[in-house]
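Visitor: Here is a sequence together with a model predicted from it:
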Amino acid sequence: MESRALEYFREVAACRSFTKAAASLRIAQPAVSRAVRQLEEELGVRLLIRDKRQIRLTKAGEKLYGHAIDMHRLLAKAKSDVLNMQDLTQGEVEIGLPSMAGSYYFPDQITRFLKAYPGLSVSIYEAGTSAIEEAIINGEIELGTIVTDEGRKSSSQLTIHPFLATQMVAVVPLDHPFASKTSVSHEEVAEEPLILFKEGYYQRKVVDQISEKSRSSRSPCIRNKSTFHGKITDGTRPWYYNFLEMVIQDDEKLAGVPLDPPVRLTLALAHRQKESLSPANKAFLQFLLA
């Protein structure tokens, strides 16, 4: 059953006339008559009683007319919803975020975005940058935040939009020996007890590389998938945190000490090449890069 034939039938039933229905639809009357006749043949029932004065509906015609009205309203709503998405009066941004960027950088950005587009909502897919990149390539999400740096090449399947340059720092309590230093070497970092993110997170990869290069086997690590706050000790000395400098910008109880040589990185929004973003995701991308 074609929607066009059902629409023609609905108009004939509403007007009780093929002539008036054709005029309302702005098509030739024979086309309307032919569509309704084909609909009756397809269903195997008579829908209309045709006489000289007026068109009347059979019982089957009355039943189908009710469904045709419902279908007309549904199609009109679908069209309206799609147009509203284009106008950004409704829709959802779906974005992949690493936990640290999602906790410290994006909340303010998302708040400002939603004030600018109150009809939209935001759904967050939280994972490490490697998992986010894979999810984008596999089509699980359209848009995500990944890490780019000189030593890490992103997939050629992605279009990259850098938006924030930052660096990794040793985040320690103020009474830690590192706190008074202007920088700490990779070898010094490798000697410290570390709290790490699980595999797949950029910070974990960097510290694993540092440890491997330093060939240190004396550095115990606590591997964790979430961020710790405050002072955590093993009974003898504070633990060392491996975070981005944005984490401690407003924390007066912690010190962020740059690494030497520095580990600089760039956060970027990524999506698959040659693939159109949804209106909501496209709006968020443009908002963040503005």
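Guide: Yes, it's here. Numbers count the residues shown, from 1 in each chain.
Visitor: The stretch 101-250 of the chain: helices as residue ranges?
Guide: Taking DSSP state H, counting those that start in this stretch as the test, the helices found in the stretch 101-250 of the chain are 106-116, 129-137, 186-190, 202-214.
Visitor: how about a markdown table for the ones you listed, with distance to Asp175 and mean neighbour count added?
Guide: For the C-beta atoms, the positions are set from N, CA and C on the backbone; glycine is no exception. As requested, those are exported to a markdown table (distance: least, C-beta to C-beta, whole Å; neighbours: other C-beta atoms under 10 Å):
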| stretch | distance to Asp175 | mean neighbour count |
| --- | --- | --- |
| helix 106-116 | 29 | 13 |
| helix 129-137 | 32 | 20 |
| helix 186-190 | 17 | 19 |
| helix 202-214 | 22 | 18 |
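Visitor: Out of the ones you listed, name the one with the poorest average pLDDT.
Guide: Ranked by mean pLDDT, those bottom out at helix 202-214, with a mean of 72.
Visitor: Remind me what that one packs against, helices and strands.
Guide: Under the contact criterion of 3 or more C-beta pairs under 8 Å, 6 or more residues apart in numbering; DSSP states H and E, helix 202-214 touches helix 186-190, strand 194-196, strand 240-244.
Visitor: one step back: which one, of the helices of the stretch 101-250 of the chain, ends up nearest to Leu285?
Guide: helix 106-116 (10.5 Å; C-beta to C-beta).
Visitor: Go through the helices of the stretch 101-250 of the chain and name the closest to Ala255.
Guide: helix 186-190 (14.3 Å).
Visitor: helices and strands around the closest one, which ones?
Guide: helix 202-214, strand 254-260.
Visitor: for the longest strand anywhere in the chain, the distance to its chain's centre please.
Guide: Ranked by residue count and defined by DSSP state E, the top strand of the chain is strand 158-173. Its chain's C-alpha centre and that of strand 158-173 lie 20 Å apart, by C-alpha atoms, centre = their mean, to the nearest Å.
Visitor: Please point out which parts of it sit buried.
Guide: Neighbour counts using 16 or more other C-beta atoms under 10 Å place 158-159, 161, 166, 168-173 of strand 158-173 among the buried residues.
Visitor: Parallel or antiparallel, which strands does that strand pair with?
Guide: Paired neighbours of strand 158-173 in the sheet (DSSP bridges): strand 240-244 (antiparallel), strand 254-260 (antiparallel), strand 264-272 (antiparallel).
Visitor: So for the longest one, what gets flagged as buried?
Guide: Of the residues in strand 264-272, those buried under the neighbour-count criterion (16+ other C-beta under 10 Å) are 265, 267-272.
Visitor: State the mean pLDDT of the next helix or strand after that strand.
Guide: Next helix or strand after strand 264-272 toward the C-terminus (DSSP states H and E): helix 279-289. When pLDDT is averaged along helix 279-289, the result is 92.
Visitor: Show me what helix 279-289 is packed against.
Guide: Judged by 3+ C-beta pairs under 8 Å, 6+ apart, the packing partners of helix 279-289 are helix 59-86, strand 91-97, helix 106-116, strand 120-126, strand 143-148, strand 158-173, strand 264-272.
Visitor: want to throw the buried residues of strand 158-173 into a markdown table with distance to Ser17?
Guide: Below are the buried residues of strand 158-173 laid out as a markdown table (distance: C-beta to C-beta, whole Å):
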| residue | distance to Ser17 |
| --- | --- |
| Leu158 | 58 |
| Thr159 | 56 |
| His161 | 58 |
| Thr166 | 71 |
| Met168 | 76 |
| Val169 | 79 |
| Ala170 | 83 |
| Val171 | 79 |
| Val172 | 84 |
| Pro173 | 85 |
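Visitor: okay, those residues in JSON lines with pLDDT and distance to Thr19 next?
Guide: As requested, the buried residues of strand 158-173 are exported to JSON lines (pLDDT from 0 to 100; distance: C-beta to C-beta, whole Å):
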{"residue": "Leu158", "pLDDT": "92", "distance to Thr19": "58"}
{"residue": "Thr159", "pLDDT": "92", "distance to Thr19": "55"}
{"residue": "His161", "pLDDT": "93", "distance to Thr19": "58"}
{"residue": "Thr166", "pLDDT": "83", "distance to Thr19": "71"}
{"residue": "Met168", "pLDDT": "81", "distance to Thr19": "77"}
{"residue": "Val169", "pLDDT": "84", "distance to Thr19": "79"}
{"residue": "Ala170", "pLDDT": "82", "distance to Thr19": "84"}
{"residue": "Val171", "pLDDT": "82", "distance to Thr19": "80"}
{"residue": "Val172", "pLDDT": "82", "distance to Thr19": "86"}
{"residue": "Pro173", "pLDDT": "83", "distance to Thr19": "86"}
